[in-house]
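Chemist: What follows is a predicted structure for the sequence shown.
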Amino acid sequence: MRKLLLIGIALLLPFVPLALLLLNNTSPARDAAGRAEQLQPVSAAELKQLPNGQVILIEGRISASTPALFRSFVAYVRENHQTDNDLMSDIWLGAEKKTPPLVIDLADGQQVHIINQNYALYNLPGVWLQPGNSGQNPARYRGLEVGDQATVIGVLINHGVHPEIVAGIVAGGTRADYIASENRPWAILVPLLLTSSLGLALLVGLAVALQRRDRRHSSLPI
């Protein structure tokens, strides 16, 4: 019975990365990247012509008028490190997220205000690891800083002197950077395949060891 169970696990293990890859391709993050592919960056002149309620994408930089919340981060996520049961996995779990209103400077000088505080953060360029915290649960911060390139997808609610947007997504980098960051399935699949191969090798080794033990027991005189 044990041999059959091991064989069944061994046969299913190589399909785990494929299943996870399919889940990644149907995730909300992947859907959001698909939305970004359908939108083009809007300029300041175009903003003035658009009606309120329009879904738009803008590219710009975090303005110096945006206050920092923690160190130099104007928006960030704090994560705590967890070691998985296999003592190999590198897992960071979200512990806190700060997404305050932002001011974005467009390339042509126009400032756009992000007025809500519940947008999703993606592709964050800044990383700070808390020093002197290298024990079992170290903390790190990933976020956006003043001057960082940023892409925003949201709903235009005021196209006046300072256009205002209710953002759904704020991502570090350009539109192309954001799309590329959400379209890297092979970067996810390769380590998963390596992990599955290692697990398969361990299962085969265990099955061989059990078979040798059974043979030794069966060869003993009664």
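Modeler: Arrived safely, thanks for sending.
Chemist: Please spell out which residues along the helix or strand harbouring residue 58 are buried.
Modeler: Using DSSP states H and E, residue 58 falls within strand 55-62. Neighbour-count burial for strand 55-62, with 16 or more other Cβ atoms under 10 Å as criterion, is recorded at 56-62. In this view, the C-beta of every residue, glycine as well, is placed from N, C-alpha and C.
Chemist: Only alpha carbons, please: show that strand as PDB.
Modeler: Extracted in PDB, the C-alpha atoms of strand 55-62 (Å, rounded to 0.1, in the frame of the first residue of the first chain):
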ATOM      1  CA  VAL A  55     -10.800  54.400 -16.800                       C
ATOM      2  CA  ILE A  56      -7.300  55.600 -17.600                       C
ATOM      3  CA  LEU A  57      -3.700  54.700 -17.300                       C
ATOM      4  CA  ILE A  58      -1.000  57.300 -16.600                       C
ATOM      5  CA  GLU A  59       2.800  57.100 -16.400                       C
ATOM      6  CA  GLY A  60       4.800  59.600 -14.300                       C
ATOM      7  CA  ARG A  61       7.000  60.000 -11.200                       C
ATOM      8  CA  ILE A  62       6.200  60.200  -7.600                       C
END
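Chemist: Please renumber the chain so that the first residue is 601 from this point on.
Modeler: All set: I'll call the first residue 601, so the last point we hit is now strand 655-662.
Chemist: a markdown table for the buried residues of strand 655-662, including distance to residue 748?
Modeler: Listed next are those as a markdown table, based on distance: Cβ to Cβ, whole Å:
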| residue | distance to residue 748 |
| --- | --- |
| 656 | 20 |
| 657 | 17 |
| 658 | 14 |
| 659 | 12 |
| 660 | 10 |
| 661 | 7 |
| 662 | 5 |
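Chemist: Next, find the distance separating residue 767 from residue 755.
Modeler: 8 Å (Cβ to Cβ, to the nearest Å).
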